[in-house]
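Sequence and predicted model, in that order:
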Amino acid sequence: MTELVTVERGDAEAGADVAIVTLNMPAKRNALSLDLREALFRALETLTADATCRAIVLTGAGGTFCAGGDLSSMPEGDPLGARTRMRGLHRTVRLIVAGPKPVIAAVEGYAYGAGMSLAAACDHVVAADNAKFCASFGKVGLVPDAGLLWSLPQRVGLGRAKELMILGEAIDGREAARIGLADRLAAPGAALSEALRRARLFAAAAPAATALTKSALARAPAALDAMLEIEIDAQSLLFGTEDHAEGKAAFFGKRSPVFKGR
C-alpha cells in the first residue's frame with residue numbers, strides 16, 4: 001500500500017537536518033481523510049522528537065498541496081463525532097504552530113479549506129505564483145477550522161481575513177504574497193526547491209531559541225505584561241546555553257555561528 005505521508009531527509013544541498021514531509025494522496029488532491037490526518041500527525045510527532053531534525057518542509061504530491069477536508073468522510077448529524085474528528089486535526093496544528101521545529105510550507109496547486117489552514121499555520125510559506133488559496137469552508141456551510149480562525153487574522157489582518165473566510169474567494173500565489181498569507185514566491189514547479197533553500201536557513205538557527213520563540217508567539221495575542229513575563233522565562237534559560245555562548249563568540253570573532261542545540 002502506498003504510504004499516505006512520506007518523510008525524506010534533505011539532500012546535500014538542503015542538509016540532512018531538513019526533513020521533507022509529503023502528503024501523498026494525489027488521486028484525491030491530498031484531501032485530509034482520517035487516515036491521512038493520523039499519518040501526518042505521527043510523522044510530525046516523530047520528527048519533533050528527533051534531535052537530528054532541525055527544520056521541516058511540508059508539501060503535497062502530484063502538484064497539489066492539499067484540497068482540504070475529505071467531504072466524503074465528514075460526519076452528518078453527529079456533533080460528538082465531529083468534535084472528536086476536529087480534536088484529532090488540532091493535535092497536528094499544535095505541533096506545527098507551537099512545536100519546537102520550524103515548519104516551512106511548499107505550496108503548489110490547490111491549498112483549499114483545511115489545506116489553506118495547514119499552510120497558514122506554518123512558520124514560513126513558499127508558494128508558486130500560480131498556486132490557489134481558498135478558505136472554502138463557507139461554501140459547504142462550515143466555519144474555518146484547523147486553526148485558520150487564529151492564524152489567518154495574524155497573517156493578513158482582521159478585515160482581510162473576514163473577506164477571505166466569509167466570501168470564500170480564491171486567490172493566487174502572487175496575491176497571497178502581497179497580503180502576507182505567503183512569505184516567498186516561486187516559479188510554478190519550484191516551490192519545493194525554494195522551500196528547501198529557506199529551510200536550510202531556519203535549520204541553521206539556534207534550536208532552543210527557535211523553539212521558545214515559537215512557543216511564545218503561539219500564545220499571541222497576549223497582554224503586554226504576559227508577553228514580558230514569557231520573555232523573562234525564555235531568556236533566562238537561553239542565557240545558560242552553549243548556543244548562546246557560541247553566538248557571542250561568533251559575533252566577536254566576526255564569523256557565522258554553528259549552533260548545536262545545547
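Okay, I see it. Source: prediction; values computed, not measured. Numbers count the residues shown, from 1 in each chain.

next structured bit after the worst-scoring helix or strand of the chain on mean pLDDT?
Across the helices and strands of the chain, mean pLDDT, DSSP states H and E gives its lowest value to helix 224-238, namely a mean of 80. Counting by DSSP states H and E, the next helix or strand C-terminal to helix 224-238 is helix 242-253.

buried stuff in that following helix?
Neighbour-count burial for helix 242-253, counted by 16 or more other CB atoms under 10 Å, picks out Asp243, His244, Glu246, Gly247. The C-beta positions use only the backbone N, C-alpha and C, and glycine is treated the same way.

buried stuff in the top helix by length along the chain?
In the chain, with assignment by DSSP state H, the single longest helix is helix 79-98. By 16+ other CB under 10 Å, the buried positions in helix 79-98 come out as Arg85, Leu89, Thr92, Val93, Leu95, Ile96, Val97.

what's near enough to touch the third one?
It refers to Thr92. By CB atoms under 8 Å, 6 or more residues apart in numbering, the contact set of Thr92 is Arg37, Leu40, Phe41, Leu44, Leu118.

neighbour-wise, which of these leads?
Leu118 (30 neighbours; other CB atoms under 10 Å).

any idea how far it lies from Leu58?
7 Å (CB to CB, to the nearest Å).

shared neighbours of these two, anything?
Shared contacts of Leu118 and Leu58 (CB under 8 Å, 6+ apart): Ile96, Ala105.

before we move on, the earlier item: who touches the least confident helix or strand of the chain?
Residues contacting helix 224-238 (CB under 8 Å, 6+ apart): Ala206, Ala208, Ala209, Leu212, Thr213, Ser215, Ala216, Arg219, Ala220, Ala222, His244.

what's the angle from that helix to helix 242-253?
Comparing the axes of helix 224-238 and helix 242-253 via axes from the mean of the first three to the mean of the last three CA atoms, to 10 degrees yields an angle of 80 degrees.
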